[in-house]
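A.B. asks: no sequence on this one, just coordinates:
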Ligand SMILES: [Zn+2]
């Protein structure tokens, strides 16, 4: 994120067309969306079996049944494609028809192991740009407005507290230079700049909020904040909303552009259904029911140089009741995105447990935590104390962790001065050294 401005400079007309389309399509009727989705899947499947050697081989045998599958919008008969298969068949997955001249190589962030290479084309770039633009619009941002970024992934090193990027009209705060003792200066600059939205990783924004509270700044109210790239955990959301008292928007997307989920003003996670076809499957590969956690499987609509059909993202979401959203958008929704399969703890009894952020909500004196699992019967918790820390905070944390993981899980803890960023600039809440497979239950 956010905008690669060169995309807009090269293809302004194409992007504007996509954006105009997205303005309308978010309010389509279910019937209209269904027909449109069918058309996109039809286009991707036929392109794949004709022009992509890998799919010619693997999906070709299913071709006579495509029509029936498309009529039901049900691709469950088709094989999944995994990250390992993409690495293994990289050449064979490239379309061999002309017209992908502006394709370029990209890769996953590698937050859960080896980065995966893939190709993106111009159609993918323009549609992605328009989709992210709309995510920002939902926060109140309009193209060209001022925005700020608490940035954990600055490309160039600087010792400055803030750096203005005039091309994007963005005030960047390199997170690495922020400290509790310079946070007042940071807020003074933010108040003066008055951005429409502050974008940040949830862990960075939560820490920023803690510092504001610790130094007694109670009068800073941004217009909105937008979190991305890490799972927004409940205790992070709580401190951000308590301190900043502003609307919190969150979005979820991957470098490989498998799918896009983002929250509206009502706080509901909408699946951007023009971006890709999303299947939410339980551990038996069936459509998941409300309350169940589901694996996110996607078929992209826009990247024709290397289409991903039934791509196993390894990310999980919790299904909601499916009630219409008050905002009036007609997309499917999920209750929450709970991150990657690797973001789970495995118990000695073989259960996969997610939402390990919940035990932290009983411990307001703990500023940050990180859970490391190296073996199946033991975890270590790194604890960063807040100024208000009391022994009761740790007792509560351990008690609620045992309730969630069972008494037979050994829990060690360490007090630390900071939780380090990973190599990709993201902070991992759970670091699992176990070799996890698909969960049986979350
Ligand atoms: Zn909504």
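C.D. replies: Arrived safely. Please read these numbers as outputs of a predicted model, since none were measured by experiment. Residues are numbered from 1 along each chain as shown.

A.B. asks: Can you tell me which residues in this protein are near the ion?
C.D. replies: Neighbours of the ion within the chain, by CB under 5 Å from the ion: 264, 266, 268, 325, 327, 329. Quick note: C-beta positions are derived from backbone N, CA and C, even for glycine.

A.B. asks: Determine the three-state secondary structure at the residue lying closest to the first one once chain neighbours are set aside.
C.D. replies: Once flanking residues are discounted, residue 264 sits nearest to residue 327: 4.3 Å by CB to CB, 6 or more residues apart in numbering. Secondary structure for residue 327, judged by DSSP: H, G, I helix; E, B strand; the rest coil, is coil.

A.B. asks: Distance of the residue of the stretch 101-250 of the chain found nearest the ion relative to residue 26?
C.D. replies: Residue nearest to the ion within the stretch 101-250 of the chain: residue 138 (8.7 Å; CB to the ion). To residue 26, residue 138 is 9 Å away according to CB to CB, to the nearest Å.

A.B. asks: before we move on, what about residue 362?
C.D. replies: 38 Å.

A.B. asks: Repeat that for residue 15.
C.D. replies: Distance from residue 15 to residue 26, by CB to CB: 17 Å.

A.B. asks: In contact with the residue nearest to residue 264: list those residues for me.
C.D. replies: 264-266, 268 (CB atoms under 8 Å, 6 or more residues apart in numbering).

A.B. asks: Can you give me the domain boundaries for the chain?
C.D. replies: The chain breaks down into these domains under automatic domain parsing: 5-137+251-343, 140-246, 345-432.

A.B. asks: With mean pLDDT added, can I get these in JSON lines?
C.D. replies: Below are these laid out as JSON lines (pLDDT from 0 to 100):
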{"stretch": "domain 5-137+251-343", "mean pLDDT": "90"}
{"stretch": "domain 140-246", "mean pLDDT": "89"}
{"stretch": "domain 345-432", "mean pLDDT": "86"}
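
A.B. asks: Now do the helix or strand where residue 49 lies: distance to the chain's middle.
C.D. replies: Counting by DSSP states H and E, the element that carries residue 49 is helix 30-51. In terms of CA atoms, centre = their mean, to the nearest Å, the centre of helix 30-51 is found 25 Å from the chain centre.

A.B. asks: Check which residues of it are buried.
C.D. replies: 33, 37-38, 40-41, 44-45, 47-49, 51 (16 or more other CB atoms under 10 Å).

A.B. asks: elements contacting the helix or strand that that helix is followed by?
C.D. replies: Sequence-wise, the next helix or strand downstream of helix 30-51 (DSSP H and E) is helix 53-58. Helix 53-58 sits against helix 30-51, with contacts defined as 3 or more CB pairs under 8 Å, 6 or more residues apart in numbering; DSSP states H and E.

A.B. asks: So which residues of the stretch 51-200 of the chain form helices?
C.D. replies: Assigned helices in the stretch 51-200 of the chain, in chain order: 53-58, 66-72, 83-88, 122-138, 183-193 (criterion: DSSP state H, counting those that start in this stretch).

A.B. asks: winner for burial among those?
C.D. replies: helix 122-138 (a mean of 22; mean count of other CB atoms under 10 Å).

A.B. asks: follow-up on the earlier one: arrange the contacts of residue 327 in TSV, one row each, with secondary structure, distance to residue 55 and neighbour count as further columns.
C.D. replies: TSV is the format used below for the contacts of residue 327 (DSSP: H, G, I helix; E, B strand; the rest coil; distance: CB to CB, whole Å; neighbours: other CB atoms under 10 Å):
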residue	secondary structure	distance to residue 55	neighbour count
264	coil	35	19
265	coil	40	14
266	coil	39	12
268	coil	34	19
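
A.B. asks: Tell me which two in those are the farthest apart.
C.D. replies: Maximum pairwise distance in the contacts of residue 327, criterion CB to CB, is 9.1 Å, between 265 and 268.

A.B. asks: buried stuff in stretch 323-330?
C.D. replies: 325, 327, 329-330.

A.B. asks: Of all the residues in the stretch 151-300 of the chain, which one is nearest the ion?
C.D. replies: Closest approach between the stretch 151-300 of the chain and the ion, counting by CB to the ion: residue 264, at 3.2 Å.

A.B. asks: For the stretch 101-250 of the chain, which segments are assigned as strands?
C.D. replies: 104-107, 117-120, 147-151, 163-165, 170-174, 197-200, 225-228, 248-253 (DSSP state E, counting those that start in this stretch).

A.B. asks: partner strands of the third one, parallel or antiparallel?
C.D. replies: Here the strand partners of strand 147-151, with direction, are listed using DSSP bridges: strand 170-174 (parallel), strand 197-200 (parallel).

A.B. asks: could I get those strands as CSV with mean neighbour count and distance to residue 231?
C.D. replies: As requested, the strands paired with strand 147-151 are exported to CSV (neighbours: other CB atoms under 10 Å; distance: least, CB to CB, whole Å):
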stretch, mean neighbour count, distance to residue 231
strand 170-174, 21, 22
strand 197-200, 24, 14
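
A.B. asks: Ok, which of those strands comes nearest residue 355?
C.D. replies: strand 197-200 (21.8 Å).

A.B. asks: I would like the residues contacting the closest one, please.
C.D. replies: Against strand 197-200 from outside (CB under 8 Å, 6+ apart): 1-2, 136, 139-141, 147-152, 190, 205, 208, 222-228, 249.

A.B. asks: Now restrict these to buried residues only.
C.D. replies: 2, 136, 139, 141, 147-152, 190, 205, 208, 222-228, 249.

A.B. asks: which ones are touching residue 306?
C.D. replies: Contacts of residue 306 (CB under 8 Å, 6+ apart): 52, 93-95, 103, 118-121.

A.B. asks: what about it, which SS state?
C.D. replies: Going by three-state DSSP: residue 306 is coil.

A.B. asks: mind checking how far it is from residue 80?
C.D. replies: For residue 306, the distance to residue 80 - CB to CB - is 16 Å.

A.B. asks: List the buried residues of stretch 356-363.
C.D. replies: So, applying 16+ other CB under 10 Å, buried residues of stretch 356-363: 356-360, 363.

A.B. asks: residues near the nearest residue to residue 377 once chain neighbours are set aside, how many?
C.D. replies: Leaving aside its sequence neighbours, residue 377 sits nearest to residue 348 (CB to CB, 6+ apart; 4.4 Å). For residue 348, the neighbour count with other CB atoms under 10 Å is 15.

A.B. asks: and the next element down the chain from the host helix or strand of residue 318?
C.D. replies: Using DSSP H and E, residue 318 maps to strand 311-319. Once strand 311-319 ends, the next helix or strand along the chain (criterion: DSSP H and E) is strand 333-340.
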